[in-house]
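Q: Next comes the sequence, and after it the predicted model I'd like to discuss.
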Amino acid sequence: MRKYVIEARCPHCHKILNDPDTLIKNNPALKLLVEKNGKRGYLWLSAVYGDHETIEPEELNILPGDVIKFYCPHCEKPLPIADKCYCKGDQVRIELKTGGDLLFCNRKGCYYGSIRFVNPDDLDNFLGIV
Ligand SMILES: [Zn+2]
Ligand SMILES: [Zn+2]
């Protein structure tokens, strides 16, 4: 299986979320600002599509089943919610650098998510077919 590495940016300020200083599976992980019970910290998601490894802020003590809020680490605006997840959490949306969206659930332990393309050119760009 080919490995797909996600490069994503904030839908508000369009800054890249991949953090070159924090690698998961050898790829710059997606850095996000999160909030639980009014406390904030940084969380990293693996940029390898289908890999669910994360680095979480210990002080927030995020437990399986917890629903957390996600913000951009650059502009600190709340990341948009694209949809309800089947688990009743929210599907958070960030933009792929090449066009299209990455959706993921804001509930710890729910791995439901997707990549979404509206424009066929965005799919070509993502797959590297140019
Ligand atoms: Zn932003
Ligand atoms: Zn979910």
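A: In hand now; what should we look at? Ligands and ions are numbered 1, 2, ... in the order given.

Q: make it CA atoms for all contacts and neighbour counts henceforth
A: Fine.

Q: quick one: contacts for the nearest residue to Ala8 once chain neighbours are set aside?
A: The shortest distance from Ala8 to any non-neighbouring residue, by C-alpha to C-alpha, 6 or more residues apart in numbering, is to Leu96 (4.3 Å). Listed by C-alpha atoms under 8 Å, 6 or more residues apart in numbering, the contact set of Leu96 reads 6-9, 102.

Q: ok, 7 Å please
A: By C-alpha atoms under 7 Å, 6 or more residues apart in numbering, the contact list for Leu96 reads 7-9, 102.

Q: Tell me the one of the residues you listed nearest Val67?
A: Leu102 (18.3 Å; C-alpha to C-alpha).

Q: Run a quick neighbour tally on the closest one.
A: Applying other C-alpha atoms under 10 Å, we find 22 residues neighbouring Leu102.

Q: what does Pro64 give?
A: Pro64, neighbours per other C-alpha under 10 Å, totals 10.

Q: what bits of the chain have low per-residue confidence?
A: For the chain, applying pLDDT under 70 flags the ranges 130.

Q: Around ligand 2, pick out the residues from it.
A: By C-alpha under 5 Å from the ion, the part of the chain that sits against ligand 2 consists of 85, 87, 89, 105, 110.
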